[in-house]
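**Q** Structure for the following, please:
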Amino acid sequence: MDYGARIEARVKLAANLNSLEEVWVMFHELAAHGAGAGRGLPGRVLEAAFGGVRHLLGAQIDLLPPLMVYAGLCTGLTTVTLLALCGGLWFDSLSANPLGVTVFPLFAIAWPCT
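**A** Have a look, this model is predicted:
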């Protein structure tokens, strides 16, 4: 069954799944041999390598802004500040943004909720 998918889309999906399997096997072997860097890393690599939700919806869903709102509703100002600082710097270090640009918007999202 092809479920109405074009051949190009099926070929691309098969290639993504094959590369995903290769990455999973590689990091699973690292973790099995006791490599410290391999622990916890497979999930992050799989998340980055396979954008299934992004391709299905046609948009990328960021989890950091809802996490900031949740932290603002359930925790205090110190936790919100630390989460905005660490989350913003980590987000900027993994994207093309200049370092520190995301910290204030994340804090601005959660601050009114505290």
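
**Q** Name the residues of the helix or strand encompassing Leu67 that are buried.
**A** Here Leu67, judged by DSSP states H and E, is contained in helix 64-74. Within helix 64-74, the residues that qualify as buried are Met68, Ala71, Gly72, counting by 16 or more other C-beta atoms under 10 Å. Using the backbone N, CA and C atoms, a C-beta is placed for each residue, glycine as well.

**Q** and what of stretch 101-114?
**A** Result for stretch 101-114 [16+ other C-beta under 10 Å]: buried residues Thr102, Val103, Leu106, Phe107, Ile109, Ala110.

**Q** What of stretch 76-95?
**A** Val80, Thr81, Leu83, Ala84, Gly87, Gly88, Phe91, Asp92.

**Q** which sections of the chain are below the confidence cut-off?
**A** Scanning the chain with the threshold set as pLDDT under 70 gives 1-5, 7, 9-53.
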